[in-house]
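Participant: my questions concern the predicted model and sequence given below.
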Amino acid sequence: MSALGTSPDRSDADAKLRGQAVFGADLSRTGMLWASLARSPAAAGQIRAIDPIPALRVDGVLEIVTAADVPDWRTGVIVSDTPMLAADYVAYEGEPVAIVVAESRAAAEAGARSVAIDIEPVEPVSTPEQALAPGSRLVHPDWNRFAVAGGADIGRNGNVVAEVIHDPGDLDEAFAAADFVVEGTYRTPRQYQAHLEPKMALATYESGRFTIEVSHQYPFRLRDRVAQILGVAPSAVRVVGHHIGGGFGSKLDVSLEAFAALLAQRYRRPVRMQHTALEERLVAPCRANAITAVRSAVRRDGTILATDVEIVSDSGAYANNGPALSSIPMFVFGSIYRVGTARIRTRNVYTNTAPTGAYRGVNGPWLVFANERHMDAVADTLGRDRREFRLASLAQDGDLMRNGQPLEQVSILREAFERVNELAGWRDAGAGELRGVGQAAAVWLTNPMPGHATVKLNEDGTATVITSATENGSGAVATGLRQIAAEALGMATERVTVTMPDTDATGYDAGSQGSRTTHVVGRAIADASVEVRSHVLERASQMLEAAAEDLVITDGVVSVAGVPTASVTLGQIAQAATWSEGPIAAGASYVTPTPPHDPMCATGMLIKGWPTPTYHLHQAEVSVDPVTGQVTVDRYVVCQEVGRAIHPDAITGQIQGGVAQGLGFALSERVDLDHGRYVQRNFKAHGLPLAADVPKVEAIVMEHADPAGPFGAKGAAEPPVVPVAAAIANAVADAIGAPVDSLPITPEAVLDALERAQ
Amino acid sequence: MQYCRVSSVAEAVDELTRWGAEGRVLAGGTDVMPRFLQGEQVPAALIDIGGIEGLQGISEVGGVTSIGALVTMRRLATASLIALRHPALSQAAAAVGAWQTQTVATLGGNICSAASTADTLPALLVAGAQLTLVSKSGRRRIGLEEFLEGPGTTALRPTELLRAVELEPLGERSAEGYLKVARRSSMDVAVVGLALRLHVSPSGVIDGVRIAMCGGDRSAHRVPAAESVLLGTQLSDESGAFTEARAALADAVGPGDSVESQYRRRVLPGLFGRLAGRCSAEISGVVA
């Protein structure tokens, strides 16, 4: 029986349910030291003095390490702008200033609270608007001395970290020819990943090499970043991955690991670090806050002649991934609906706030929010039904994205509109009540970055997949990769084990991000399995004295087609092979080719294409309480295209979870900044949605097998978060008869909008 | 810290006398335990009264409802007697925290910790709650209004234990209810909680009205200004007096300029309209 399209148990489910799984935060070593970071209490200022004495008085504290004792170069994923410890000035609240080394966690944390950091404060650059204002203070006066990876020109200038400009130059004519000009400015806040397991590291140093044990989404990047920070070769760093207690993008870059490694070398003892709950919140690489202004030239017949998009996103105090993410608007505007000729300018700017970074669906939720709120505004201006207008405006197969990449299967979106309509209809809201319905669509990528897998057939007939793909909760490793190997090898899913990540033992893997694991690593496994399978058939053909092409493999048994008695098990084959020509194993690599595109389409673009796109339509029905302004999501329908569903339950689980996160972003989560400092500093103030706030999501999973994918699979886990805020906002706007162009949609905002609408 | 588990009121009173202000009573623990985690000074003794069976009862004797201090929110939310005689209290108890908190949190705890956001207090205030406090020197009775001295402060002496709460049950031609507004659907404190009890004469004149609210800078409290405009008016006259009462409620929020105060001021009038509408519909059904 095929393992695909069924939902077998996860390999980690039992251990996680029983509390037996060892997460990074569970790790301990005999004789280990603890370290904790003393962090800047100010958002911006000059460091006048660091007094270690109060911290050294804490019982158990061994040493306070400051910038003078650590490498003095700056590093970064794209822009090398981040010091290991702040030396002369601090650029955000929570920036590491000193490391406290201690014999216990309590002493390290008490010591970190006791380091006296004397800062001459300056008024922080707290918002992107301030960062861009003429004469604004520079967050980094020496910005033009920072190196950029590969020497790329990303349009840096003062507080502008990166600028991506796409300008075909013919907008003015289009606007002159328009019957209507529709404008909107869409404001969205940060979003905090709020995973339960805090960031941690356990480092040891032996024979000139560092070993870092960690729960991390991308061990190979971590290896390279630790090496970059410490100034050693990547091969001097080994990263060993453990179970991850949630990441959502927050665990893609280095955080505590280099500090722990440095101390492990200094003390020749294992060193353990872990964020406190407050540190987690202060330095999380939140989804960036952004302002997206959209202006469209529209003809009376509904044709959008041109669209002018101006985006400013907040990088925080360091560049992190912001320059790369600044390409993503190029793949949203014009990829879902026809928007005419488009000018898109995106600026990512420095502020004196914690650096932003990757959160599931990077930039997508706020870009789709702007795109879909704007579609509603255009439809309203034209007096058209919003769904009908969307269908009339949908991009069509063969249309080009703004980067020149052809949209090959965007007609799947039209099918999605039909499927959602069959299930839930449109405009069935109760008359006289504040009820509304909204839609939002997206075309999202499957991350193309490289992966490798070795598949070995064990002597007992089971298989092991050796890879550093990380199981970040979705089940992509714990079920998906195992099912793909099982299907390709002809055995049951339970008989396939996947190793935990280890950068010494496996080929490169680009980590758990952008739904890539099933598609990219799955493809590598499928390719490696073809080779394993041919070894198996060759050996079996000798053992059964039959031609290889007459053999079939079912449930771990190779038999001659039509002669079930002539058979041999995979275990027997593996044993025979091991002791004759040698063990059966094969490796394969995969990286998704960059789709055809126009390399001259924009300046400053680091992400060139939008590979392996998937198609999404969300529909939300809401009701609004006119007394309290509170929004209830009554019904939520998702139609998502996944290539082929390897594990349907895992996909619907990811859809449910993505909707919950999007709902929090839309309605209740608060990550407000006041003069560079976060206002909400604990979960109580934060406002994550609870089980009672989240409706049961109705999911339609559409399959259009992708020839490049393993058995047709594309990525599925990331994108369910992307259209949610947009769909809910459109539904709320429909319910109250007034635009909702800022997030979160607080009760106050709803009451304000209701008052304005009256 | 010493942990003392007591099994009778007499033992509890002994321990309270022994420790005085150094002791702290533990019932459900939903308020006491998080305070320790937040770094509050640990007391010299934690006196766990959770095992005292005599404090667990709900009864109705001689037209008075008596509720033991250890009755949990979950029991209040599900007990038929409470649903029938004290629907506002039943609704308020069901609005506390979430199922897990309700399972351990006690009525006595909600009263004695006297948080400004305590859901049950407005419901108790509209039911004319009288508290029985016991100590070595005997017992005394005190009205809840007098007992609540400010957010987190009460008239309870360190050597006293709250034993029971007595309430006036809902009579004929009367109705009551509690509505809570919070930022989340559960596990959150009230931005504002509002309780209303209405009683009308056979001719439909409002001859009894109690309005109480929680949330905000003060302890839970009655709103006499809103009560007095309703008293003596016709229940069917929803436009005049009810509109005045709504305005009086917005004024009752006080001068605070915080985000929560502003929201409270906006929400209260409509919340009262909703609650009054429900109560009068219920009474009208009975009267008609």
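Facilitator: Received it, and whenever you're ready, just let me know what you need.
Participant: which residues of the stretch 1-150 of chain B lie near chain A?
Facilitator: For the stretch 1-150 of chain B, the contact set with chain A under C-beta under 8 Å from any C-beta of the partner chain comprises B:Ala98. No exception for glycine: its C-beta is placed from N, CA and C like everyone else's.
Participant: mind jotting down where the strands sit in the stretch 51-200 of chain B?
Facilitator: For the stretch 51-200 of chain B, strands defined by DSSP state E, counting those that start in this stretch occupy the ranges B:58-61, B:64-68, B:130-135, B:138-143, B:148-150, B:153-154, B:161-167, B:174-182, B:190-200.
Participant: indicate which one of these is closest to A:Arg57.
Facilitator: strand B:153-154 (37.0 Å; C-beta to C-beta).
Participant: quick check, central residue of the chain?
Facilitator: Using chain A. Against the mean C-alpha coordinate of chain A, by C-alpha atoms, centre = their mean, the closest residue is A:Arg360 at 3.3 Å.
Participant: switch to chain B, please.
Facilitator: Chain B, centroid-nearest residue using C-alpha atoms, centre = their mean: B:Leu121 at 1.6 Å.
Participant: residue contacts, the closest residue to that one other than its chain neighbours?
Facilitator: Of all residues not flanking B:Leu121 in the chain, B:Ala220 sits nearest, at 3.4 Å (C-beta to C-beta, 6 or more residues apart in numbering or on different chains). Applying C-beta atoms under 8 Å, 6 or more residues apart in numbering or on different chains to B:Ala220 gives the contacts B:116, B:118, B:121-122, B:125, B:148, B:193, B:212-214.
Participant: is it true that the residue nearest to the centre of chain B touches B:Arg218?
Facilitator: No. Here B:Leu121 does not reach B:Arg218: they are 11.0 Å apart, not a contact under C-beta atoms under 8 Å.
Participant: tell me if the one helix or strand B:Ala247 maps to is near chain A.
Facilitator: Assigned by DSSP states H and E, B:Ala247 belongs to helix B:240-252. No. Using C-beta under 8 Å from any C-beta, helix B:240-252 never reaches chain A; the gap is at least 11.0 Å.
Participant: show me what that helix is packed against.
Facilitator: Taking 3 or more C-beta pairs under 8 Å, 6 or more residues apart in numbering or on different chains; DSSP states H and E as the contact definition, the neighbouring helices and strands of helix B:240-252 are strand B:206-214, helix B:224-230, helix B:259-287.
Participant: next, count neighbours for A:Val181.
Facilitator: As a burial measure, A:Val181 scores 13 neighbours (other C-beta atoms under 10 Å in any protein chain shown).
Participant: residues contacting the residue nearest to it when sequence neighbours are not counted?
Facilitator: In space, and not counting its chain neighbours, A:Val181 is closest to A:Ala297: 6.0 Å by C-beta to C-beta, 6+ apart. Applying C-beta under 8 Å, 6+ apart to A:Ala297 gives the contacts A:171, A:174-175, A:177-178, A:180-181, A:304-307, A:340.
Participant: out of the residues you listed, which end up buried?
Facilitator: A:171, A:174, A:178, A:304-307, A:340 (16 or more other C-beta atoms under 10 Å in any protein chain shown).
Participant: distance of A:Ala261 relative to A:Ala424?
Facilitator: Plainly put, A:Ala261 is 52 Å away from A:Ala424 if you go by C-beta to C-beta, to the nearest Å.
Participant: so those two - more neighbours on which side?
Facilitator: Using other C-beta under 10 Å, the more surrounded residue of A:Ala261 and A:Ala424 is A:Ala261, with 26 against 17.
Participant: partners of the lengthiest strand in chain A, with directions?
Facilitator: Ranked by residue count under DSSP state E, the longest strand found in chain A is strand A:304-316. With DSSP bridges as the test, strand A:304-316 is paired with strand A:290-298 (antiparallel), strand A:341-350 (parallel).
Participant: how far off centre is the host helix or strand of B:Pro34?
Facilitator: Assigned by DSSP H and E, B:Pro34 belongs to helix B:32-37. Put simply, helix B:32-37 sits 22 Å off its chain's centre (C-alpha atoms, centre = their mean, to the nearest Å).
Participant: can you tell me what sits against that helix?
Facilitator: B:24, B:26, B:42, B:46, B:109, B:113.
Participant: I'd like the average pLDDT over that helix.
Facilitator: What helix B:32-37 shows for mean pLDDT is 88.
Participant: I'd like the next helix or strand past it.
Facilitator: Next in sequence after helix B:32-37, counting helices and strands by DSSP H and E, comes strand B:45-48.
Participant: partners of that next one, with directions?
Facilitator: Here, using DSSP bridges, strand B:45-48 pairs with strand B:2-5 (parallel), strand B:23-26 (parallel).
Participant: what's the helix or strand following the longest strand of chain A packed up against?
Facilitator: Sequence-wise, the next helix or strand downstream of strand A:304-316 (DSSP H and E) is helix A:322-325. Judged by 3+ C-beta pairs under 8 Å, 6+ apart, the packing partners of helix A:322-325 are strand A:160-166, strand A:304-316, strand A:341-350.
Participant: only C-alpha atoms, please: export helix A:322-325 in PDB.
Facilitator: Extracted C-alpha coordinates of helix A:322-325, given in PDB (Å, rounded to 0.1, in the frame of the first residue of the first chain):
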ATOM      1  CA  GLY A 322      15.900  42.800   5.700                       C
ATOM      2  CA  PRO A 323      17.700  43.500   2.400                       C
ATOM      3  CA  ALA A 324      16.800  40.100   1.000                       C
ATOM      4  CA  LEU A 325      13.200  40.300   2.200                       C
END
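Participant: how about the residue in the stretch 551-700 of chain A that chain B sits nearest to, phi and psi?
Facilitator: Residue of the stretch 551-700 of chain A nearest chain B, by C-beta to the nearest C-beta: A:Val627 (3.4 Å). Reported as degrees, to the nearest 10, the phi and psi values for A:Val627 are phi -80, psi -50.
Participant: what distance do you get for it to B:Pro269?
Facilitator: 8 Å.
Participant: give me the mean pLDDT for the helix ranked longest in chain A.
Facilitator: For chain A, the longest helix by residue count, based on DSSP state H, is helix A:522-544. The pLDDT scores in helix A:522-544 average 97.
Participant: low-scoring pLDDT stretches of the stretch 151-288 of chain B, where are they?
Facilitator: Residues of the stretch 151-288 of chain B that meet the criterion pLDDT under 70 lie in B:237-238, B:286-288.
Participant: nearest spatial neighbour of the residue of it found nearest chain A, skipping sequence neighbours?
Facilitator: Closest approach between the stretch 151-288 of chain B and chain A, counting by C-beta to the nearest C-beta: B:Gly270, at 3.4 Å. Nearest non-adjacent residue to B:Gly270, counting by C-beta to C-beta, 6+ apart: A:Val627, 3.4 Å away.
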